[in-house]
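In: coords below, sequence missing:
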């Protein structure tokens, strides 16, 4: 019985940091444009490639729906 209890406690302790990170990490969205194709997309990580740039005023959006609505108002995205 002590062995099962010890294993359960160890599992909870080991999973604790992963669970805490999952609940505190919030997803953010950016409007990005590929410099070569001029195509705009919504990404969930800040672009690091040199061929992809954040467009608009660089706003970070909390939801994908919010980013999609804003992408319609970004001039370089709506002109394509």
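Out: Great, that's in hand. Everything numeric here is computed off the predicted structure, so don't read it as measured data. Residues are numbered from 1 along each chain as shown.
In: mind checking how far the spatially most distant residue from the centre of the chain is from residue 33?
Out: Distance from the C-alpha centroid of the chain peaks at residue 1, with 43.4 Å (CA atoms, centre = their mean). Distance of residue 1 to residue 33, given as CB to CB, to the nearest Å: 61 Å. Bear in mind the C-beta positions are built from the backbone N, C-alpha and C, glycine included.
In: Show me what counts as buried in stretch 42-57.
Out: By neighbour count with 16 or more other CB atoms under 10 Å, stretch 42-57 contains the buried residues 42, 52, 55-56.
In: Can I get the residues you listed in TSV including distance to residue 71?
Out: Compiled in TSV, the buried residues of stretch 42-57 are given as follows (distance: CB to CB, whole Å):
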residue	distance to residue 71
42	6
52	14
55	9
56	8
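In: Show me the two of these that sit farthest apart.
Out: 52 and 56 (13.7 Å; CB to CB).
In: contacts for the one helix or strand residue 69 maps to?
Out: Counting by DSSP states H and E, the element that carries residue 69 is helix 64-71. For helix 64-71, the external contacting residues (CB atoms under 8 Å, 6 or more residues apart in numbering) are 29-31, 40, 42, 44, 56, 59, 61, 77-78.
In: Next: stretch 35-49.
Out: Here stretch 35-49 makes contact (CB under 8 Å, 6+ apart) with 27-34, 50-55, 64, 67-68, 71, 74, 76-77, 80.
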